[in-house]
Structures are given as structure tokens and as C-alpha cells.
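Novice: Attaching a predicted model along with its sequence, questions to come.
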Amino acid sequence: MGFRKRGMSHFLKRLKAEPVEVILFLCASSSIIFLFLMLLFIAKEGAQAFLTFGINFIIGSVWETNLDLYGAFPLIYGSLMVVAGAVVIAVPLGVVTAIFIAEVLPFSFRDLIKSLIELLASVPSIIYGFVGLLFIAPQVARLFGISSGTVALTASIVLAIMSIPTIVGVSGEVIAAVPRDFKDAALALGATKWQTIKSVVIPTAKSGILASIMLGFGRAIGETVAVLMVAGNVALIPTPPWNYLSPVYPLTATIAMQMGEAAVGSLEYSALFGLGMILFIVTFIVNTLADAIVKRESKFRSGVK
Amino acid sequence: MVKVDIRQLNVWLKGNHVLKDITLTTKENAVTAIMGPSGCGKTTLLRAINRMNEIIAGCRTTGELYINGRNIYDGETNVYELRRSVGMVFQKPNPLPKSIFENVAFGVKIHKMANGESLASIVERSLKEVALWEEVKERLNDSAFSLSGGQQQRLCIARALAVNPEIILLDEPCSALDPIATAKIEALMRKLAEKYTVIIVTHNVQQAARVSDYVAFLYLGELVEYGPTKHVFENPQSKLTERYLTGEFG
């Protein structure tokens, strides 16, 4: 705020007068500088792919290293498919868990359960990959009678488990922040606990819950290791497109798998950076949306319409 | 007519003996004020009448509390139906984060009492009862938070009236309001007593004198004195009540 009012020149003058502030300023701006450098670097390396294939880099449906043909659509589709599946599984589980912890669980258990769920978030993703590969994939294969369990569904399940802590954590916070007054108002009118949750708690926390879903989505779409271990990694759109029992090749898995083999400066190398660019933009959009929703929520709470 | 009949009511909150052997009866279509210094248990007594103490963990109640001759602590009372017929208004106006219309309609919808046209007429009737209709009829779909504090409190009263209660409990309903809004609420309480049984908690002696027909004085969880307001104010039986009324403590 201060800067905008008094102008940049004033700000720079202050920097000169206070050396400590210079150091603080540099530290504070470093993360923004890193962000822009990263964006710049990825754009530079990926430019060749975009120039060569144009829009076909995004909508082309053939990703074939041997032919040096790079159309990322099956990979984008694979990512979105796996993440959509994860969201469908994780959102109900996560939101219900958060409501249960905040509204139903006796107070003394809350912290224990919360920290257990947070522990789930700190498990390295490679461990999830192991569990997915050695336990979930065989179960999926057996259950649906397919030869290999490394398919989109398995990846969705693993990603769902990984994003649940994010969803529970963030939506738990907003649910716990629903004012006591609101709940008292409903209960005093003769609403049951469930009616109060349904018609007061959830609508009040709605934006926050939505933001938690977005953050969970962001967590899921960026996940690499666990996904590449269980997704099957075939760069084709499943037939039919909603077939969750086919292997897919998500963006992140593609980059991780092929980066080691791609010659620096080759078209393949550039195409992988192009994928990075797409991923970057998607997560950026999702995070910005989540942020905007949270902001709208806090505005609404202060009574501004 | 006796409306609420409280006999040997004891309440413990988290191990504290908050109400001790309270016995009193309130009359129908009258305003009964419960007054006393902070921490004397007056809010707990009020919340015993619609069993709202129960939502606090670690609450224990013994004794009997009859409404229309039925003991609401007999274990068979439907607490949701009880709270519909015993409306409550809180210290701080607490409209729900919904529109003005939806706030008044909330309880009606919860109890599936009406919808569509008849719901709209209940909302109108309730807002008229609290003299808010003229002020808000053009903007029923605005957020309830767009109203002033006094309007919000009247909205909360309308919300309680919409579900056809018999008793209205008000817990220091004016403590967050300015004098003009307070005067409006006080006038409203007098008017409500024509149709409902009104029980109000207040720490404001003058307010009790202005609005109530009967007054109970509570001190440290015990009922010190109870009777028609005029009698209690002009001729208090207990030295403690006299000292409280003259403002020696409180």
C-alpha cells in the first residue's frame, strides 16, 4: 500500500537510507525473481517445439519420439483424466472427513486425528508410488480382471490419497472458522445438527471448501513420481476416452521419463520443456482461481457485498 | 396463566454449579426479566428453558422445568420441536450469512412449515411484527449484513417469530445496540407480550423496570427475589436486592 501512495522513488530513497531494508528487499524479491527466471527459462527452451508444431503441439494427438512428432494432447488428456478421477474420489472423502473432524468428533480427539492426516501429507511421494504399484495396482487388476493394474484408475486412487490431506487441512480450517453465532442461531430455531451442517456450516464455508479442492487439484496435477510408477505410461487417448482401465501418460510422467534420454537442444528436449510450460500455466491458473475464491470469501465475511 | 414452571433446577457447566435450586414460575403474555450481575447464571437459566445449555460439552441439569404443564427434561421431549416453540434472541445480533428473506424463512424451511406463496406471507407477517417490513420490503434479497445493528436484531426476532413460537427468550438483546435501537426493541418487547410469553435477561436495572411485568433477581446462581416488577422495585424483600437496585454493585 505504502509504495503505491508515495511512489517508487520514495521507496528507493528509503532503500538507500536503510541498508537492512536493502537486504530484506533482496531476500523478499528473490522468490519472485526465481519465478520469472523459471518461466523465462522454460519458455526459451520450449519455444522451438511451439514454433515447429504451432497449435498442433497442444492439440496434436501423436506423441512419437521415434518420428520426432510431438503432439501433447494425449498427455494433457492423461493428466486431466487422472486428476479428474482423483478429484472425484478425494473431494467427497476429504470434505466429509473435514466436516466430521470439525463438527462431530469430540474435541479431545481432533488434534490427534488432524496430525495423523497431516502426517499423510509428509510421506514422500515415492512411498505412495510403491504402495500404488505393489498393493493398489494388483487389486485393481484383480477386481476388474485386467492383465496389468498400472492404469488411469490406479493413478487416480494414489493421487486421491495424496491430495486428501490438502483438502482436509484447508477445508477443515474454514469449517472450524464458521462462527459459533451462526450455528447457535440455527440450533436455537430447532435445527438438528445435520440440518445446521447442511444449511449453515457448508454454505458458509463453501468458498473455502472450493479453494481446498482447487489446491488439492494443484497438488495432484503436479505430482510426478507416484504417477509415473502407476499410470502405465502409454501416450494414447484411451478408447473409449472415459476408459479408466487403460494406461495413460500424464505430462509430469512424460517429462520425468524422457528427460534423461533427450539430447540437449533437440526437438524432443524442447518439446519436454513445452510440456513443462503447459503444466506451469495450468497450475498457475488453478492456484490463481483458488486464491481469488479465498479472497472473495474473506471479503464476504467482513459483510461487504 | 402459568407458562413456564421451574422447580429445583440445578445446572452444572464443566463442574461449576452455575444454577442452584431455582424455583420460579412465569406468567403467560407477560414480560419476565431476569436480572443480576455478570456471572450470576442468568443466561444459563434462560438457556435452560429451550435446552440450549446442552450443546455445551460438560453440562448437567437436574430438576424439572414445565412448559404448558409438560416437563421438558422428562427425556421424552423432542428438543427440536421445543426450540421451535421457544424462540431465542441472542446478545449480539446473529443473522445468518444469507439474504434478509432467507433469514426469516430459515426456521420455516427447517421445520417444513410452508413454501412458495405461504412462505412469503409468513416472512412478510414476521417482518411486520417487528416493524421492519417497511424498511426492508424493497430489498429482501440483500444480505442480512447490510442492515444496521438494531435492524439485524429485529430481523433475528422476526426469524424467531416466523416459526410460531409461544415463548420468546431474549438474552441481553440490547447490549450491542445504541439508545435509539434499544428503545425500539424495548417497545417491541412490550408489544410481543400481547401475543407471546417474553423472558428477557438483562444486567440493566432500568431496562428491567421499563419493560418487565415480573422480575427475578439472581445472585451467584441463586434466586434472591422474584415478584411483580413494581413490588420488587418499590419494596424489595431482600437487602441484597435493594443494594443491587440502588446500584451498589452489579
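Specialist: Alright, I've got the coordinates. Residues are numbered from 1 along each chain as shown, chains lettered A, B, ... in the order given.

Novice: Give the next helix or strand downstream of the helix or strand of chain A with the lowest mean pLDDT.
Specialist: For chain A, the helix or strand with the lowest mean confidence is helix A:2-6, at a mean of 54 (criterion: mean pLDDT, DSSP states H and E). As assigned by DSSP states H and E, the chain's next helix or strand after helix A:2-6 is helix A:8-17.

Novice: and that following helix, how far out from the chain's middle?
Specialist: Here helix A:8-17 shows a centroid-to-chain-centroid distance of 39 Å under the convention C-alpha atoms, centre = their mean, to the nearest Å.

Novice: average pLDDT across the one helix or strand residue A:207 maps to?
Specialist: Residue A:207 is part of helix A:202-222, with elements assigned from DSSP H and E. Averaged over helix A:202-222, pLDDT sits at 88.

Novice: Quick one: list the elements packing against that helix.
Specialist: Packing partners of helix A:202-222 (3 or more C-beta pairs under 8 Å, 6 or more residues apart in numbering or on different chains; DSSP states H and E): helix A:73-99, helix A:152-176, helix A:251-258, helix A:267-301. The way it works is simple: take the backbone N, C-alpha and C, and place the C-beta from them, glycine included.

Novice: please redo it, this time with the cut-off set to 7 Å
Specialist: helix A:73-99, helix A:152-176, helix A:267-301 (3 or more C-beta pairs under 7 Å, 6 or more residues apart in numbering or on different chains; DSSP states H and E).

Novice: Against which helices or strands is whichever helix or strand comes after the first one packed?
Specialist: In this case it means helix A:73-99. Helices and strands here follow DSSP H and E; after helix A:73-99, the next one along the chain is helix A:107-122. Using 3+ C-beta pairs under 7 Å, 6+ apart as the contact definition, the elements that helix A:107-122 packs against are helix A:152-176.

Novice: Enumerate the positions of the helix it packs on that are buried.
Specialist: Neighbour counts over helix A:152-176 (16 or more other C-beta atoms under 10 Å in any protein chain shown) mark A:152-172, A:174-175 as buried.

Novice: And it, how far out from the chain middle?
Specialist: Between the centre of helix A:152-176 and the centre of its host chain there is 10 Å, according to C-alpha atoms, centre = their mean.

Novice: Let me know the next secondary structure element after that helix.
Specialist: Sequence-wise, the next helix or strand beyond helix A:152-176 is helix A:180-188, with elements assigned using DSSP H and E.

Novice: what's the burial count for the nearest residue to residue A:214 once chain neighbours are set aside?
Specialist: Taking C-beta to C-beta, 6 or more residues apart in numbering or on different chains as the measure, residue A:214 lies nearest to residue A:290, with 3.6 Å between them; neighbours along the chain are not counted. Neighbourhood size, residue A:290 [other C-beta atoms under 10 Å in any protein chain shown]: 22.

Novice: thought residue A:290 was touching residue A:216?
Specialist: No - with contacts counted by C-beta atoms under 7 Å, residue A:290 stays clear of residue A:216, the gap being 9.5 Å.

Novice: How far off centre is stretch B:140-150?
Specialist: When C-alpha coordinates are averaged (C-alpha atoms, centre = their mean), stretch B:140-150 and its chain have centres 22 Å apart.

Novice: residues in contact with it?
Specialist: Residues from elsewhere that reach stretch B:140-150 (C-beta atoms under 7 Å, 6 or more residues apart in numbering or on different chains): A:303, A:305, B:93, B:95-96, B:98-101, B:103, B:152, B:155, B:176-177, B:181, B:184.

Novice: Determine which two of those residues are furthest apart.
Specialist: The distance between the two most remote of the contacts of stretch B:140-150 (C-beta to C-beta) is 24.3 Å, for A:305 and B:184.

Novice: These two: which has the busier surroundings?
Specialist: Set side by side, residue A:305 and residue B:184 show unequal neighbour counts under other C-beta under 10 Å, the larger going to residue B:184 at 19 against 8.

Novice: residues in contact with the residue sitting nearest the centre point of chain A?
Specialist: Among the residues of chain A, the one closest to the centroid is residue A:218, at 1.3 Å (C-alpha atoms, centre = their mean). Contacts here follow C-beta under 7 Å, 6+ apart; on that basis residue A:218 touches A:283, A:286, A:287.

Novice: nearest spatial neighbour of the last one, skipping sequence neighbours?
Specialist: What sits nearest to residue A:287 in space, not counting adjacent residues and going by C-beta to C-beta, 6+ apart, is residue A:218, at 5.5 Å.

Novice: likewise the second one?
Specialist: The shortest distance from residue A:286 to any residue other than its chain neighbours is 4.8 Å, reached at residue A:218 (C-beta to C-beta, 6+ apart).

Novice: Tell me how many other residues surround the residue in the stretch 1-150 of chain A that chain B sits nearest to.
Specialist: Residue nearest to chain B within the stretch 1-150 of chain A: residue A:107 (6.8 Å; C-beta to the nearest C-beta). If you count neighbours by other C-beta under 10 Å, residue A:107 ends up with 7.

Novice: ok, it to residue B:87 distance?
Specialist: Computed with C-beta to C-beta, to the nearest Å, the distance linking residue A:107 and residue B:87 is 29 Å.

Novice: Now for the residue nearest to residue A:63 when sequence neighbours are not counted: which residues touch it?
Specialist: For residue A:63, the nearest residue in space outside its immediate sequence neighbours is residue A:235; the separation is 4.1 Å by C-beta to C-beta, 6+ apart. Contact analysis of residue A:235 by C-beta under 7 Å, 6+ apart lists A:63, A:74, A:75, A:249.

Novice: Next up, the contacts around residue B:85.
Specialist: When the contact criterion is C-beta under 7 Å, 6+ apart, the partners of residue B:85 are B:165, B:166, B:167.

Novice: Quick check: end-to-end length of stretch B:26-41?
Specialist: Across stretch B:26-41, the straight-line distance between its terminal residues is 17 Å, by C-alpha to C-alpha, to the nearest Å.

Novice: Okay, now the unreliable bits of the chain?
Specialist: Reading this off chain A. When residues are selected by pLDDT under 70, those of chain A lie in A:1-6, A:297-305.

Novice: if you could check chain B rather than the one you did, that'd help
Specialist: In chain B (pLDDT under 70), the answer is B:250.

Novice: Strands along that one, start to end?
Specialist: B:2-13, B:16-27, B:31-35, B:59-67, B:70-71, B:86-89, B:167-171, B:197-202, B:214-219, B:222-228 (DSSP state E).

Novice: Give me the contact list for the first one.
Specialist: It refers to strand B:2-13. Where contact means C-beta under 7 Å, 6+ apart, the residues beyond strand B:2-13 that reach it are B:18-28, B:44, B:48-49, B:53, B:56, B:58-67, B:167, B:197.

Novice: cool, and the fourth one?
Specialist: Under the criterion C-beta under 7 Å, 6+ apart, residues B:3-13, B:48-49, B:53, B:71-73 lie in contact with strand B:59-67.

Novice: Contacts only, for residue 83.
Specialist: Since no chain was named, I'll use chain A. Applying C-beta under 7 Å, 6+ apart to residue A:83 gives the contacts A:159, A:217, A:220, A:221.

Novice: if you could check chain B rather than the one you did, that'd help
Specialist: The neighbourhood of residue B:83, defined by C-beta under 7 Å, 6+ apart, consists of A:188, A:189, A:190, B:50.

Novice: What does the closest residue to the residue of the stretch 1-150 of chain A closest to chain B other than its chain neighbours show for phi and psi?
Specialist: Sequence neighbours aside, residue B:57 is the residue nearest to residue A:107 in space, at 6.8 Å (criterion: C-beta to C-beta, 6+ apart). Per-residue torsions, residue B:57: phi -70, psi 140 (degrees, to the nearest 10).

Novice: count of neighbours near residue A:34?
Specialist: Neighbour count for residue A:34, taken as other C-beta under 10 Å: 10.
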